[in-house]
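S.K.: Give me a 3D structure for the following:
(one chain, ligands or ions: 2)
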Amino acid sequence: MRILLIFPQLNNLVFFGVYEPLVMEIFSAIAKEEGCEVELVDLRVDPHGCERLARRGFRPDLIGLTTHGFAEVPIVNRCAARCKELWPSTPVVIGGGQATVTPELFDQKHIDQIVRGPGERVWRDLCRDGIATGACRIVEDPNPPRVYSYPLPDRGITAKYRKHYKTNIPHHTGRPWGRKGRTGFTLLTQGCPFRCSFCVIWPANLGMYRKRPIAEIVAELKSMEEDYIYLGDDNTFADAKYAGELADAIRAAGIRKEISSYCRADHICKHPELLQKWYDIGLRYLVIGVEAVDTRKLAEFNKKTDQEQNVTALKTLREIGIFAIPHILITQDMTAVEFDQIYRFIEENRFEYPVTIPLTPLPGTLDHARYKAEGRIVTDDLAYYTFMYNVIEPKVGLREFDRLYDRLIFRTWSWRRFLRGGCGELSLVGFVKWWFFVRALIYQLRWKRRGIYRAAEERMQARAGLAEASNVHASHAPIDCR
Ligand code: B12
Ligand code: SF4
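M.R.: Numbers count the residues shown, from 1 in each chain. Ligands and ions are numbered 1, 2, ... in the order given. Just a heads-up that it's a prediction; the model follows:
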C-alpha cells in the first residue's frame, strides 16, 4: 500500500518551537515494517505539501492524520475534506488525544475511521489489511498492550523538514549548555496514573499509563542526532524504579544529551536521588505542575499534592541544578489578592520561565463537565481553547479578570523583577526578548478577547430574554387548582 501521513497545522502562535511529528515517524516505521511505501506532509512547515504530491501524481491508498488538541478540530476537518477533494477514493483515518475525547466533533463525511486511544496496533492492522469501506467507524484497540512498544521512529521520513524542528525558548542562562536550536522529541511513557480535574491526558489515553521498554528507548536516544531532547511524556517519573533503571541504562550506553521533561512535585519530594541521577545524565529543564499555591485548591483539582511539596520540590531542583518551569493555573474564582499571591510566589522562587495559564475546561475533563453543568462556560469557540484565554465566567467579572491576568504577566516580565534578581539566571538578552514578546502577546490577546466579550454579552441577552419569557409565561400561567 501507498500511505500518506499528515501532521496538521496548529491553531495558535506556538512560541516555544516546532517539534518533530513523532507519532507520524512511529507510524511510518510501522507502515514500512508492513511493506508499505510512505509519504509524509507536515502541514505546519509545508502547508501546500498535499497539493504538491497530488500534482506529482501521488495516489495514496490510505491517509493517516493525527489530531493534537481541541483547537485543531476545525483544522483537521478541513484537512480531511481537502484530502477527499484531492483523492476522493482514498480512506482517511484519524486518531490521537482529541479524536479519543471528542470523536463526535470530527467530520464523519470526510473521515472513514476514527481511532480512539492507543493506536499503534490498530495502525499496524490498517497497514496490513487496509480498511473496510462504508460509513465512518469509531474504533479502539480492544486490548491495548500494557507495554508501550514501537519500532525505531522513522526519522528519515522527516529529514526534509528537520531544520524546522527546534525549540525557540532561548536558553540565555549563562550556562555552557544554554542555547536554543535543533530539538529532538521522544517519549518514555504514555498517559498518567493520576486523575487531575483539569487534565485531558488521562481521558485522552483511556486512563492508561504505559511505559516503553528500556532497551527500545536507549536504542532510540542513541540514534537521535540532536543534542537537545524534549521528552513529551506527561509523567515521566511516576514509576521511580523504572525511571531509575532507565537512567542507569542511558548512562551505561554513554548517551549524553541535554533533556527537558515533566514531573509532579510529590515525585521530586519522594525521590530527590532519582532527579539527581537524571541530572547526571543530562536532565536540565523540568516542567513542574505546581498548579496552585495553596493546598485547598490543589485538593479541589484532585492533584494529590500539597503546597509544602511544591515548595520542597522547587528547592530540591534548585539544589540539584535543574531549571524548574512551573505551570500555575489561574482559576476563575481568584481575587486580586490571590493574583498577588501568585506573583509573590513567582518572585520569591526566582523562576526563569514561569508559565501562568488560565484554567481552560477542555472537553473530556472533569472540569469541563462541572463548568458546563454550572452554565459558566462563556464560549465554546475552539479558537479560545489554547490555554491562553479565560473562557469561564470569573468571580470578579470577565474584563477585571483579564486585567488582573495581564497585570500578573506584566509584573512577571517586569524590570522590577529582573533588577531585583527575581528572574533567576535569565540573562539580560533573554529577559529583553521576553519583555518584548509578552507585551506583543498580551496586545494580541486583548484584540482577540473581544470575541469572548461579545459571546458573554450575547449570553447575557439570551438569559435576560429567557427570564423575561418565563416571567410572562408565569403571569399568564393557569392557576393550578389541585
Ligand atoms: C508534542 C506536543 C506538542 C507540540 C506539537 C506537536 C508536535 N509534535 O510538534 C508542541 C510542543 C509544539 C505543542 C504545542 C502546544 N500544545 Co501540545 N502537546 C504535545 C504533547 C506533549 C505530545 C503529543 C505527541 O506528539 N505525542 C506522541 C504520540 C506518539 O502520542 P499520541 O499523540 O498520544 O499518539 C498515540 C495515540 O493517540 C494514537 N494516535 C495518535 N495519532 C493518531 C493517528 C492515527 C491515524 C491513528 C490510527 C492513531 C493515532 O496512537 C498513538 C500511539 O499509541 C501532548 C501531550 C501528550 N502527551 O499527548 C500535548 C498536547 C496535545 N498539547 C496541548 C496544548 C494545549 C498545546 C498548546 C496549545 C499549549 C500552549 N498554550 O502553547 C500548544 C500550542 C498548540 C496550538 N494549538 O497551537 C494539549 C492539548 C489539549 C487539548 N485537548 O486541547 C496536550 C494534550 C497537553 C496537555 N497536557 O493538555 N504540543
Ligand atoms: S496534570 Fe499531570 S499528574 Fe495530573 S493527570 Fe494530568 S498528567 Fe497526570
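
S.K.: Can you show me the strands along the stretch 351-482 of the chain?
M.R.: 355-358 (DSSP state E, counting those that start in this stretch).

S.K.: Which single residue in it comes nearest to ligand 2?
M.R.: Nearest residue of the stretch 351-482 of the chain to ligand 2: residue 365, at 9.3 Å (CB to the nearest ligand atom). Using the backbone N, CA and C atoms, a C-beta is placed for each residue, glycine as well.

S.K.: State the distance from the spatially closest residue to that residue that is not a sequence neighbour to residue 24.
M.R.: Nearest-residue entry for residue 365: residue 200, 5.3 Å, with adjacent residues in sequence omitted and distances by CB to CB, 6 or more residues apart in numbering. Distance, residue 200 to residue 24, by CB to CB, to the nearest Å: 21 Å.

S.K.: One more: residue 158?
M.R.: From residue 158 to residue 24 the distance is 8 Å (CB to CB).

S.K.: what's the overlap in contacts for the two?
M.R.: 40, 42 (CB atoms under 8 Å, 6 or more residues apart in numbering).

S.K.: Neighbour count: these two, which is higher?
M.R.: Neighbour count, other CB atoms under 10 Å: between residue 158 and residue 24, residue 24 has more, with 24 against 21.

S.K.: Quick check: the residue of the stretch 351-482 of the chain closest to ligand 2 touching residue 198?
M.R.: Yes: between residue 365 and residue 198 there is a contact under CB atoms under 8 Å: 5.8 Å.

S.K.: So which residues on the chain come close to ligand 2?
M.R.: Applying CB under 6 Å from any ligand atom, we find that the chain lies next to ligand 2 at 192, 194-196, 199, 201-202, 234-235, 264, 289.

S.K.: any idea which element residue 63 lies in?
M.R.: Using DSSP states H and E, residue 63 maps to strand 62-66.

S.K.: Need the contact partners of that strand.
M.R.: 1-8, 21, 23-24, 27, 76, 79-80, 83, 87, 90-96, 123, 126-127, 130-131.

S.K.: for stretch 416-424, same thing?
M.R.: 323, 346-347, 350-352, 411, 426, 428, 431.

S.K.: same deal with stretch 193-208?
M.R.: 69, 96-98, 100-101, 116-118, 140, 144, 190-192, 209, 234-235, 238, 264, 289, 291, 300-304, 329, 359-362, 364-367, 370.

S.K.: So is it next to ligand 1?
M.R.: Yes: interface with ligand 1: stretch 193-208 contributes 200-201 (CB under 6 Å from any ligand atom).

S.K.: one step back: the residue nearest to residue 365: how many residues sit nearby?
M.R.: 24.

S.K.: Then residue 406?
M.R.: Neighbour tally, residue 406, other CB under 10 Å: 18.

S.K.: ok, for it, nearest residue in space, not its chain neighbours?
M.R.: residue 442 (5.2 Å).

S.K.: Quick one, grab the pLDDT at the one you found.
M.R.: We have a pLDDT of 96 for residue 442.

S.K.: ditto for residue 460
M.R.: 85.

S.K.: Tell me how far it lies from residue 182.
M.R.: From residue 460 to residue 182 the distance is 50 Å (CB to CB).

S.K.: Looking at the two, which one has more neighbours?
M.R.: Using other CB under 10 Å, the more surrounded residue of residue 460 and residue 182 is residue 182, with 16 against 11.

S.K.: for that one, what are its contacts?
M.R.: Contacts of residue 182 by CB under 8 Å, 6+ apart are 162-163, 165-166, 226-228.

S.K.: Surely it is in a helix?
M.R.: No: in this structure, residue 182 is strand, not part of a helix, as judged by DSSP: H, G, I helix; E, B strand; the rest coil.

S.K.: That one pairs with what?
M.R.: residue 166 (DSSP bridges).

S.K.: Check this structure and tell me which residue is nearest its centre.
M.R.: The residue lying closest to the centre of the chain (CA atoms, centre = their mean) is residue 69, at 7.2 Å.

S.K.: list the contacts for the closest residue to that residue other than its chain neighbours?
M.R.: Counting by CB to CB, 6+ apart, the nearest residue to residue 69 once its immediate chain neighbours are dropped is residue 98, at 5.7 Å. Going by CB under 8 Å, 6+ apart, residue 98 touches 67-70, 72-73, 76, 105, 204.

S.K.: Mind picking the two most distant members of those?
M.R.: Using CB to CB, the pair of these lying farthest apart is 76 and 204, separated by 14.7 Å.

S.K.: What are the boundaries of the helices in the stretch 51-200 of the chain?
M.R.: Listed in chain order, the helices of the stretch 51-200 of the chain (DSSP state H, counting those that start in this stretch) span 73-86, 97-101, 120-129.

S.K.: Against which helices or strands is the last one packed?
M.R.: It refers to helix 120-129. Counting contacts by 3 or more CB pairs under 8 Å, 6 or more residues apart in numbering; DSSP states H and E, helix 120-129 packs against helix 22-33, strand 62-66, strand 92-95, strand 113-116.

S.K.: Pass me the low-pLDDT residue ranges in the protein, would you?
M.R.: 12-16, 133, 168-181, 467-482 (pLDDT under 70).

S.K.: domains of it?
M.R.: 2-140, 165-321, 357-475 (automatic domain parsing).

S.K.: Please list all residues in contact with residue 334.
M.R.: Counting by CB under 8 Å, 6+ apart, residue 334 has contacts 342, 394-396, 401, 404.

S.K.: With residue 23 instead?
M.R.: 7, 66, 96.

S.K.: run the last query once more with 6 Å
M.R.: residue 66 (CB atoms under 6 Å, 6 or more residues apart in numbering).

S.K.: what does residue 191 give?
M.R.: 205, 208-209 are the contacts of residue 191 under CB under 6 Å, 6+ apart.

S.K.: Over to residue 5?
M.R.: So residue 5 contacts 24, 27-28, 40, 64 (CB under 6 Å, 6+ apart).

S.K.: Try it again at 8 Å.
M.R.: Contact partners of residue 5, counting by CB under 8 Å, 6+ apart, are 21, 24, 27-28, 31, 38-41, 63-65, 157.

S.K.: would you turn these into TSV with distance to residue 246?
M.R.: TSV is the format used below for these (distance: CB to CB, whole Å):
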residue	distance to residue 246
21	24
24	25
27	24
28	25
31	28
38	29
39	34
40	29
41	33
63	35
64	29
65	31
157	26
